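[1] prediction below, plus the sequence it came from.
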There are 2 protein chains.
Amino acid sequence: MLTIGEVSERANVATSALRFYEREGLISAVRSDGGQRRYQREVLRRVAFIRAAQRVGLTLDEIREALGTLPDERTPTAADWKRLSRSWRPLLDRRIAELERVRDKLDSCIGCGCLSLRICHLCNPDDIAAEEGPGPRWLLDEDAGDLLRSAAP
Amino acid sequence: MLTIGEVSERANVATSALRFYEREGLISAVRSDGGQRRYQREVLRRVAFIRAAQRVGLTLDEIREALGTLPDERTPTAADWKRLSRSWRPLLDRRIAELERVRDKLDSCIGCGCLSLRICHLCNPDDIAAEEGPGPRWLLDEDAGDLLRSAAP
DNA sequence: GTATCGCTTGAAGTTAACTTCAAGTCAAGG
DNA sequence: CCTTGACTTGAAGTTAACTTCAAGCGATAC
């Protein structure tokens, strides 16, 4: 059993983040007699998954959903984790393709020097993202959730 | 001269966002007798630049800085905009490369099924991003500002 | 046993990029 | 002239993913 400080150091994640993940239902812990959190070693893999998923671009909501497809009864196996990670691949591909599209349009727009509205494809791409909702909006992308759901067993 | 509603519709940007950009010093407007905003047509290009820059991944702070390198006296020319847009290229290249690295590591990690800390390169990449500060942190990247500054005349 | 460091909680703060709201004023058509 | 829709302001709310804080208990080394 690991203390929160040990998990924090090994996973390179702040203790405040671990408590936050617990509140958000992403990880869990048992308690010592004195009421302190004690983690099973498995939590390290879970946290690793969370951080890797964030690098890929998933939100914590999406990650929680993905973690929800893991078996409740037994400890997740390498195959379980593999299934989840594999589901990221198309998402990554799409994000990369999107950026490459922007780059190519940028090239052609530098060529024409336009940067004018409706004419320039760079300024008015035909995407759905960046249309709704507040908050930071850099590279919001639709239906990551669908991809995850399609990876469920 | 355009009203805020006209700019909003042509640029496909909410009026609230236009007022916000003005408060943030990204765009400006003169006022009608009654105190309403009246925009020069040039603001459309400016807004287009802002939105395109956001797609590339710049923050409004960085965009303000970039806009600050435009000449104060004369209306910016196509060459001015071209210079700014060109400075995005290396940034885009780096972001794409970063995602490709993640994708490749993902492949090898699916192969080994590891996803364990410190051992797995996907979970513990050697990057500086994702280390400091609150707020959403998907694909934070260092020194975009340097790139912009190096594009100044 | 006591000093010290680690752990606990809930509440509130942070950042980016906006949006929403209330309570009005302006402009244009009929 | 009057109605209606567009515009004004400042303040407060939103979202994600956390962090910071205060006030106090837990665990461990000496």
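    Perfect, thanks for sending it. This structure is a prediction, so every number in the text was calculated from the model and none was measured.

[2] low-scoring pLDDT stretches of chain A, where are they?
    A:109-153 (pLDDT under 70).

[3] which helix runs longest in it?
    Secondary structure of chain A per DSSP state H: the longest helix is helix A:88-112.

[4] check which helices and strands that one sits against.
    helix A:42-56, helix A:144-149, helix B:42-56, helix B:78-86, helix B:89-112 (3 or more C-beta pairs under 8 Å, 6 or more residues apart in numbering or on different chains; DSSP states H and E). Heads up, the C-betas are built off the backbone N, CA and C, glycines and all.

[5] the fourth one to helix B:42-56, inter-axis angle?
    For helix B:78-86 and helix B:42-56, the angle between their directions (axes from the mean of the first three to the mean of the last three C-alpha atoms, to 10 degrees) works out to 20 degrees.

[6] is chain A contacted by helix B:78-86?
    Yes. Applying C-beta under 8 Å from any C-beta of the partner chain, one finds helix B:78-86 in contact with chain A at B:78, B:79, B:81, B:82, B:85, B:86.

[7] reformat these as CSV; add neighbour count and distance to residue B:19.
    Formatted as CSV, the entries for the residues of helix B:78-86 next to chain A read as follows, by neighbours: other C-beta atoms under 10 Å in any protein chain shown; distance: C-beta to C-beta, whole Å:
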residue, neighbour count, distance to residue B:19
B:78, 14, 28
B:79, 8, 30
B:81, 22, 24
B:82, 17, 29
B:85, 22, 26
B:86, 13, 30
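
[8] ok, the residue nearest the centre of chain A to residue B:54 distance?
    Nearest to the geometric centre of chain A sits residue A:58, at 2.1 Å (C-alpha atoms, centre = their mean). Separation of residue A:58 from residue B:54 (C-beta to C-beta, to the nearest Å): 21 Å.

[9] next one: residue A:90 from residue A:58, what distance?
    Where residue A:58 is concerned, residue A:90 sits at a distance of 13 Å (C-beta to C-beta).

[10] meant to ask about residue A:48
    When distance is defined by C-beta to C-beta, residue A:48 is 14 Å away from residue A:58.

[11] cool, residue A:9 as well?
    Residue A:9 is 25 Å from residue A:58, by C-beta to C-beta.

[12] and the residue of chain A closest to DNA strand C?
    Across chain A, the shortest distance to DNA strand C (C-beta to the nearest atom of the strand) belongs to residue A:5, at 2.6 Å.

[13] how many neighbours does the closest residue to DNA strand D within chain A have?
    Per C-beta to the nearest atom of the strand, the residue of chain A with the smallest distance to DNA strand D is residue A:34, at 2.3 Å. Residue A:34: 5 surrounding residues under other C-beta atoms under 10 Å in any protein chain shown.

[14] now do it against residue A:7, distance only.
    Taken as C-beta to C-beta, the span from residue A:34 to residue A:7 is 17 Å.

[15] can you check residue A:79 too?
    Counting by C-beta to C-beta - residue A:79 and residue A:7 are separated by 24 Å.

[16] cool, and residue A:60?
    Residue A:60 is 17 Å from residue A:7, by C-beta to C-beta.

[17] more neighbours, these two?
    It is residue A:7, of residue A:60 and residue A:7, that has more neighbours when counted by other C-beta under 10 Å, with 24 against 17.

[18] quickly find the element holding the more buried one.
    helix A:4-11 (DSSP states H and E).

[19] against which helices or strands is the helix or strand just after that helix packed?
    Sequence order places helix A:15-23 as the next helix or strand after helix A:4-11, per DSSP H and E. Counting contacts by 3+ C-beta pairs under 8 Å, 6+ apart, helix A:15-23 packs against helix A:4-11, helix A:42-56.

[20] pick the most buried one from those.
    Of all the helices and strands packed on helix A:15-23, helix A:42-56 carries the top mean neighbour count, a mean of 22, counting by mean count of other C-beta atoms under 10 Å in any protein chain shown.

[21] and the angle for that one with helix A:88-112?
    Going by the same axes, to 10 degrees, helix A:42-56 makes 20 degrees with helix A:88-112.

[22] hmm, back to that, would you mind giving the helices and strands packed on helix A:88-112 as JSON lines with distance to residue A:98 added?
    Below are the helices and strands packed on helix A:88-112 laid out as JSON lines (distance: least, C-beta to C-beta, whole Å):
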{"stretch": "helix A:42-56", "distance to residue A:98": "14"}
{"stretch": "helix A:144-149", "distance to residue A:98": "13"}
{"stretch": "helix B:42-56", "distance to residue A:98": "9"}
{"stretch": "helix B:78-86", "distance to residue A:98": "18"}
{"stretch": "helix B:89-112", "distance to residue A:98": "10"}
